[in-house]
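S.K.: everything below, folded, please.
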Amino acid sequence: MTARVHLIEHPLIQHKLTLMRCKETSTSKFRALLEEISLLLGYEVTRDLPTELVDIETPLATMRAPMVAGKKIVVVSVLRAGGGMLDGIVKVLPAARIGHIGLYRDPTTLEPVEYYFKVPQQMDTRQVILVDPMLATGNSIVAAVSRIKQTGAKSIKFVCLLAAPEGIRHLHEVHPDVPIYTPAIDERLNDHGYIVPGLGDAGDRLFGTK
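M.R.: All right, here's what the predicted structure looks like:
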């Protein structure tokens, strides 16, 4: 695994991901599992956050103790399925700002089409965590990263549940500076651009729309 791809093999994450893959898993259970996994992924993606020592008082003494340094993090969700990951990550990062980018995949070309974009101000001073459950062709994530970079953001990490080798390759061909955090790299894409073996359409399973 390269330094740009962080494969997260924590047993609890792997267990919950297996449950999500099962076609019998209900919408409500799928939604709950996604939030639980996202919370755990939030710990992994923030391992290298910078800290600084500050002066505090405990009930017994004064001391210098570490706190996270710098500007607040921005968690950017790729609509619609990325919204299912927000609650879990924000539980770990309750002070984070939140952004949204709306993209849908043209069913013929598989190319992304943007229909919504809203992020906080002063993005050039903030660290961005971009979330979307699936990295399939990589087209949508490449477009999302490109759009975020237009705001001046210098630090972007991408977090997903599943990645295909094709998507990893495409993202890093265009944005080699963006690390990927994922619990699983699956075999391939099928002719329709879905990850195999995968877990189906994450948005449909999350919202019960199919």
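S.K.: any idea how far Asn190 is from Ile168?
M.R.: 17 Å (Cβ to Cβ, to the nearest Å). Quick note: C-beta positions are derived from backbone N, CA and C, even for glycine.
S.K.: neighbour count: the two, which is higher?
M.R.: Ile168 (20 against 12; other Cβ atoms under 10 Å).
S.K.: isn't there a strand covering that one?
M.R.: No. Read with DSSP: H, G, I helix; E, B strand; the rest coil, Ile168 is helix and lies in no strand.
S.K.: contacting residues around it?
M.R.: Val5, Leu135, Gly138, Ile180, Ile185 (Cβ atoms under 8 Å, 6 or more residues apart in numbering).
S.K.: one more time with 7 Å, if that's ok
M.R.: Contact analysis of Ile168 by Cβ atoms under 7 Å, 6 or more residues apart in numbering lists Val5, Leu135, Ile180, Ile185.
S.K.: now for the residue lying closest to Arg97 once chain neighbours are set aside, how many residues are close by?
M.R.: Nearest residue to Arg97 in three dimensions, chain neighbours excluded: Pro120, at 4.2 Å (Cβ to Cβ, 6 or more residues apart in numbering). Pro120 sits with 15 neighbouring residues when counted by other Cβ under 10 Å.
S.K.: check the one 3 residues further on too.
M.R.: One way to gauge burial is a neighbour count; for Met123, by other Cβ under 10 Å, it gives 22.
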